[in-house]
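Enquirer: Give me a model of this one.
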Amino acid sequence: MDWYTFAAVMIALLSLSLKFARTFRAEPQVRALDRFARESGLALTAEVRPALVRRLTARERGYTIGAMTSVVGIGLWSITGATVTWSGIVLVAIIGLGAVLGLAVAEWRGAFRPVPDQPRLARSTIPTVADYVSPWQLWAPAVTVLIALSALGSVALASPAGLPSLGLAAGLTATAIAAVVASRFARAELVRRGQPAASVTELTWDDALRSAALRGTIEIPTTLGMASLSATLLALGLTPGLGNFVTWALFGVVAALIVFVLVINRRRATTYYLRRLWPEAAADYADAVARGAAR
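Expert: Take a look at the predicted model:
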């Protein structure tokens, strides 16, 4: 491992360790809770606050541990002396993937906690995945992976002279395809789970947490697809004889995908479940936002 890589790994680990340590302090927990409440469009009450603090703290720790695990893996890989000329950006994507995986594990541990044997509030209709996640978000993994697969196939068929190995891109694409299939089954299983809510407030907040968990299942294959596309395009961009215009055009494709993901994850996406399942609460939230914007 060279000194630059060692320094980068140590700085990343130190930053993430400090972030992890902050999750044990009350003030960051309160800020995270307030932020989630704003994103979900709900008001905090005393009956749900303790459970929410536990779930959100677990999410933050899972996210951080996932990122730290990726950084450690990168460090161990570097010690072996294995290098690739375009590894920098791809490894950043791998760190992001580790963070998303850690977050997903934390989300699912909370979502699949044992349902207590107690009276529960009955619903008039049974929600589906489409009630928690917008159509744009549901299509995002398939679209991203399809673009990555098309790019990989096109480059492999063209096989220009001097093309670097596409092994990593192929592995990421295969993993992304498997993740798309797995996430579909996982979403269906989560929605079939019972909701241990004894009041409307508890049920509304459980819907908010369920929506967040379902969005987490979408982020994994989407991130994998973007990492695969990045690996393919970077390998093609490093092929001798490829013009600068084509290289920048390839990076433009990645940038467009990033913008697409950011757009579909805007705030209205986090309150989508509210508009579908709790229209009156959604109307109150929209009025509150409008009043705040008018001030």
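Enquirer: Excluding residues flanking it in the chain, which one is nearest residue 269?
Expert: Closest residue to residue 269 apart from its sequence neighbours, by Cβ to Cβ, 6 or more residues apart in numbering: residue 134 at 5.4 Å. C-betas here are computed from N, CA, C, even on glycine.
Enquirer: Could you report the neighbour count for the one you found?
Expert: 21 (other Cβ atoms under 10 Å).
Enquirer: So it sits against residue 273, correct?
Expert: No. When contacts are counted by Cβ atoms under 8 Å, residue 134 is not listed as touching residue 273 (9.2 Å).
Enquirer: Tell me where the stretch 151-295 of the chain has helices.
Expert: In the stretch 151-295 of the chain, helices defined by DSSP state H, counting those that start in this stretch lie at 167-192, 200-237, 244-264, 267-270, 272-277, 279-294, listed in chain order.
Enquirer: The last one to helix 200-237, inter-axis angle?
Expert: Counting by axes from the mean of the first three to the mean of the last three Cα atoms, to 10 degrees, helix 279-294 lies at 70 degrees to helix 200-237.
Enquirer: For residue 22, give its distance to residue 110.
Expert: If you measure residue 22 against residue 110 using Cβ to Cβ, to the nearest Å, the figure is 20 Å.
Enquirer: ok, these two, which is more surrounded?
Expert: Under the criterion of other Cβ under 10 Å, the comparison of residue 22 against residue 110 puts residue 110 first, with 19 against 15.
Enquirer: how far is the helix or strand where residue 139 lies from where the chain is centred?
Expert: According to DSSP states H and E, residue 139 maps onto helix 135-158. Going by Cα atoms, centre = their mean, to the nearest Å, the spacing between the C-alpha centre of helix 135-158 and its chain's C-alpha centre is 18 Å.
Enquirer: got it, and stretch 128-141?
Expert: Distance of stretch 128-141 from its chain centroid, counting by Cα atoms, centre = their mean, is 14 Å.
Enquirer: residues in contact with that stretch?
Expert: 176, 179-180, 183, 187-188, 191, 207, 210-211, 214-215, 218, 221-222, 225, 260-261, 264-265, 269, 272-273, 276-277 (Cβ atoms under 8 Å, 6 or more residues apart in numbering).
Enquirer: out of those, which are buried?
Expert: 176, 179-180, 183, 187, 191, 207, 210-211, 214-215, 218, 221-222, 225, 260-261, 264-265, 269, 272-273, 276-277 (16 or more other Cβ atoms under 10 Å).
Enquirer: still on that earlier bit, give me phi/psi at the residue nearest to residue 269?
Expert: With angles defined as degrees, to the nearest 10, residue 134 sits at phi -70, psi 160.
Enquirer: can you start the count at 51 instead of 1 from here on
Expert: Okay, using 51 as the starting number, the last item reads as residue 184.
Enquirer: What's the separation between it and residue 321?
Expert: 10 Å.
Enquirer: Ok, residue 285 next?
Expert: With Cβ to Cβ as the criterion, residue 285 and residue 321 are 40 Å apart.
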